[in-house]
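1. what follows is a predicted protein model with its sequence.
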Amino acid sequence: GDASITDANAIDLGTSTVGNDLVVVATAGGDITNTGGSLTVTGDSSFTVDDGQSISVDDAANEFTGAVAFAASTGQLNNVTVVDTTALELQAGLDVGGALSVTAAGISQAGAIDVTGASSFTATDDAAIDLTNAANDFGGAVSVSTTGATGDASITDANTIDLGTSTVGNDLAVVATTGGDITNTAGSLTVTGDSSFTVDNGQSISVDDAANEFTGAVTFAASAGQLNNVTVVDTTALELQDGLNVGGALDVTAAGISQAAGASGVAVTGSADFTVGDGESIILGNTNNTLAGAVTFTASTGLLGDVTVADTTALELQDDRDVGGSLVVTAAGISQAAGLNGIAVTGTSDFTATGDTAIDLTNSANDFTGSVLLSTTGTTGDASVTDANEIDLGTSTVGNNLVVEAVTAGDITNTGGSLTFANVLFNSDGGVLGLGGADDVTVSPDGKHVYVSAERDNAITVFDRSAGAMGTLQFVEVQKEGVGGVKGLLEASSLQ
C-alpha cells in the first residue's frame, strides 16, 4: 500500500491515509503544502522539492508513524513546517535554508541538522525535545515549547546559539559546543524546572530578556576552562550556583539574589553587578567568594533591602548606595569609592576586615542610621568610619587604631554593643606625664598620634597610636609651659 505522487509544480495534499510508504515530489519551482486535510501514514514519508522551495505538512491531525524525510532534489530547502501527532525523529543531514518549524509528541534527531533561519520546536503531550547532536548548526533564533513534569528541552549547537521565546514545562539544557556564545535576543525564557547553559572555554552566556522567568536552579558552565562574561535577568528570585567561575564580567538582575551553600563560592575576575527591585535583598555571604573587580549593588527602583557580601579580596563599596535594610560586609580590606553621596544604611552596618587588613569608610556624606559594628585584627587592622550625622557604635573589635568622626551636629554613641578594651594610661604612672587636669583629646590627621591637653599641668601630651597592637597608646613626650622655652600652654584646654 505505497503511494507515490509527483507534480511538475506545487502540490497541495488533502486528507490521505497510506497503508505503507508515502513519497511526494514537486519537481520544478513548486512547494509541497497540506491545506486540504490530514495525512495518516503507517510507513515512511518522503517529501522532495526543487532548490529553494518549501515544504509545509502542517495539518493539526497529521500522523506519521514511520521515518519522515524532507529533501531538495538539488541545492537547499527553503522553509520546512511539519506537524505530527506522534513522536518525530528529524533525519540526519536535514538542511534548511529558511525557517524550520516542528510540532510533535516528542522531538528527537537521527543526526546533525542545519538551519539558516529561525527554528521553532513544540513538543505536545508533556513530551520532550532532545536535539543534542554536537554538530547541529542553528543560524537563527531557536524557540522551544514543552509542557508538564516530563517536558524537558535540550538543545546543542556547534556554534553560537540565540534563544527565542520559549516555555519549558520542566528542565532546559542549552549547549554551544565550539567557540560560540549563548544569547537571548529574540524573546523571553520561561522555565518551570532547572536551567543549565554551557559554552566552551572563554565564551559568554547572556540570557537577559527582561521577562525571563527561571523557577528552578540556574547554572552557567564552561565545558572546559572558564566562562567569559555572564549576564542573566530573572523576574523571580535567583540563587547563584556554588562554583560559578566567571573570567570576565558578571551581571545579575533578579527579584532577589542569593547563592547556594558550598565550598567554592562565586569567583569573578571582572566586574560584578547585582540589581534587584525595591526592597529586595542581595545575600552573597559565602566566605569563599572572590570578587576581584569592581562590585556594585543596585535597586532598579527605590531602596535595596538587606545586602550581605563576602570577598576573599579587598572590596571597594560604590558611592551613592542606599541600603534600606542591613549591610554586612566581610572582605580582605574594606573601602569606598570617592564620590559626593557616600553610603546610606537604614539598618545595622557590620564590617569585618580579614587578614590584618583595614576598614576605611571616611566619606563625609556617609549616613549610618543603625549601629555600626567593626572588626579588624593585627597591627595593620585600623578602622576609620565617618558619618555625616550622629553615629552609634555597636560591638566592635579593632586590631589597631580606631577613628570615628561625626561630621555635622551629630553625637558619637555606643548603645549598640561593647567596644573591646585596649588600655588605659594614668598620669605619673609608667612614665606618663602631663595629664593633670586632662581636658581635651584630638587625633592627628594621619591617625598615628593622639594629643591630650591638660589645664592643671599646663601641658600637651603626645601618644603614639601606630606602634601598639589592638589600638593601644604609647607615651611619646610632654610639652609643658615654661619648660625648654615652651610658651602658650598656660591652662591648656581645647585643641583644634
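-> Received, thanks.
2. neighbours around Phe64, how many?
-> If you count neighbours by other C-beta atoms under 10 Å, Phe64 ends up with 25. Any C-beta I mention is one placed from the backbone N, CA and C, and that applies to glycine too.
3. with Phe426 instead?
-> 8.
4. what's opposite the spatially closest residue to Ala492 that is not a sequence neighbour in the beta bridge?
-> Closest residue in space to Ala492, ignoring its immediate chain neighbours: Ser453 at 4.2 Å, by C-beta to C-beta, 6 or more residues apart in numbering. Beta bridges link Ser453 to Asp440, Ile460 when assigned by DSSP bridges.
5. who's in contact with Ser453?
-> Residues near Ser453 by C-beta atoms under 8 Å, 6 or more residues apart in numbering: Ala438, Asp439, Asp440, Val441, Ala459, Ile460, Ala492, Ser493, Ser494, Leu495.
6. again, only this time at 7 Å
-> The neighbours of Ser453, taking C-beta atoms under 7 Å, 6 or more residues apart in numbering as the test, are Asp439, Asp440, Ile460, Ala492, Ser493, Ser494, Leu495.
7. which among these end up buried?
-> Among the contacts of Ser453, the ones that count as buried by 16 or more other C-beta atoms under 10 Å are Asp439, Ile460, Ala492.
8. wait, which of those is closest to Ala158?
-> Within the buried ones among the contacts of Ser453, the smallest distance to Ala158 is 77.8 Å, found for Ile460 (C-beta to C-beta).
9. need the contact list for the most centrally placed residue in the chain.
-> For the chain, the residue sitting closest to the mean C-alpha position, by C-alpha atoms, centre = their mean, is Val252 at 3.2 Å. For Val252, the contacting residues are Val232, Leu238, Phe274, by C-beta under 7 Å, 6+ apart.
10. state the pLDDT value of the second one.
-> Leu238 is assigned a pLDDT of 98 by the prediction.
11. likewise the first one?
-> In this model, Val232 is scored at 98, pLDDT.
12. right, and it touches Ser204 too?
-> No - using C-beta atoms under 7 Å, Val232 makes no contact with Ser204, being 11.5 Å away.
13. filter the contacts of Val252 to the buried ones?
-> Val232, Leu238, Phe274.
14. which ones are touching Ile334?
-> Here Ile334 is in contact with Leu315, Phe351, Ala353, Ile359, Leu361 (C-beta under 7 Å, 6+ apart).
15. just list whatever residues bridge to it.
-> Leu315, Ile359.
16. show the model's pLDDT score for it.
-> 98.
17. pull the number of nearby residues for Asp319.
-> 15.
18. now do the contacts for it.
-> Asp319 touches Gln336, Ala337, Ala338, Gly339, Asn341, Gly342, counting by C-beta under 7 Å, 6+ apart.
19. quick one: strands adjacent to the one helix or strand in the chain whose mean pLDDT sits lowest?
-> One helix or strand of the chain scores below all others by mean pLDDT, DSSP states H and E: strand 412-419, with a mean of 81. Its sheet considered, strand 412-419 pairs with strand 391-396 (parallel) by DSSP bridges.
20. mind listing what's buried in the strand it pairs with?
-> Ile391, Asp392, Leu393, Gly394, Ser396.
21. tell me the SS of the nearest residue to Ala409 once chain neighbours are set aside?
-> Using C-beta to C-beta, 6+ apart and skipping the chain neighbours, the partner closest in space to Ala409 is Asn389 (7.4 Å). Under DSSP: H, G, I helix; E, B strand; the rest coil, Asn389 falls in the coil class.
22. repeat that for the one 10 residues further on.
-> Reduced to three states with three-state DSSP, the structure at Gly399 is coil.
23. report how many residues lie close to it.
-> If we define neighbours as other C-beta under 10 Å, then Gly399 has 23 of them.
24. contact partners for the nearest residue to it once chain neighbours are set aside?
-> Nearest non-adjacent residue to Gly399, counting by C-beta to C-beta, 6+ apart: Gly381, 3.0 Å away. By C-beta under 7 Å, 6+ apart, the contact list for Gly381 reads Ala353, Asp356, Thr357, Ala358, Val398, Gly399, Asn400.
25. cool, and Ala28?
-> Ala8, Asp50.
26. for it, helix, strand, or coil?
-> coil.
27. quickly find the element holding the nearest residue to Asp21 once chain neighbours are set aside.
-> Of all residues beyond its chain neighbours, the one nearest Asp21 is Gly43 (4.0 Å), with distances taken as C-beta to C-beta, 6+ apart. Here Gly43 sits in a region with no helix or strand, counting by DSSP states H and E.
28. wait, doesn't Gly43 sit right on Asn20?
-> Yes - in this structure, Gly43 is within contact of Asn20 by C-beta under 7 Å, at 3.9 Å.
29. who has more neighbours, the two?
-> For the pair Gly43 and Asn20, the greater number of neighbours falls to Gly43 (16 against 12), based on other C-beta under 10 Å.
30. dihedrals phi and psi, that one?
-> phi -90, psi -150 (degrees, to the nearest 10).
31. what distance do you get for it to Asn170?
-> Applying C-beta to C-beta, to the nearest Å, the value for Gly43 to Asn170 is 33 Å.
32. now swap in Leu327 and tell me
-> 38 Å.
33. of those two, which one has the most company?
-> Leu327 (25 against 19).
34. ok, which stretches of the stretch 151-300 of the chain are helices?
-> Here the stretch 151-300 of the chain has no helices by DSSP state H, counting those that start in this stretch.
35. show me where pLDDT drops low in it?
-> Nowhere does the stretch 151-300 of the chain drop to pLDDT under 70.
36. would you confirm that Asn79 contacts Ser54?
-> Yes - the criterion here is C-beta under 7 Å, and Asn79 meets it with Ser54 at 4.2 Å.
37. overlap of the contact sets of the two?
-> With C-beta under 7 Å, 6+ apart as the test, Asn79 and Ser54 both reach Gly98.
38. so which of those two has more stuff around it?
-> Ser54 (21 against 18).
39. Leu291: how many residues sit nearby?
-> Counted with other C-beta under 10 Å, Leu291 comes out at 25.
40. who does it bridge with?
-> Val268.
41. right, and it touches Val268 too?
-> Yes - contact criterion C-beta under 7 Å: Leu291 and Val268 qualify, at 5.3 Å.
42. Gln226 versus Phe351, what's the distance?
-> Counting by C-beta to C-beta - Phe351 and Gln226 are separated by 31 Å.
43. comparing those two, which shows the higher neighbour count?
-> Phe351 (22 against 15).
44. dig out what that one forms beta bridges with.
-> Beta-bridge partners, per DSSP bridges, of Phe351: Val329, Leu374.
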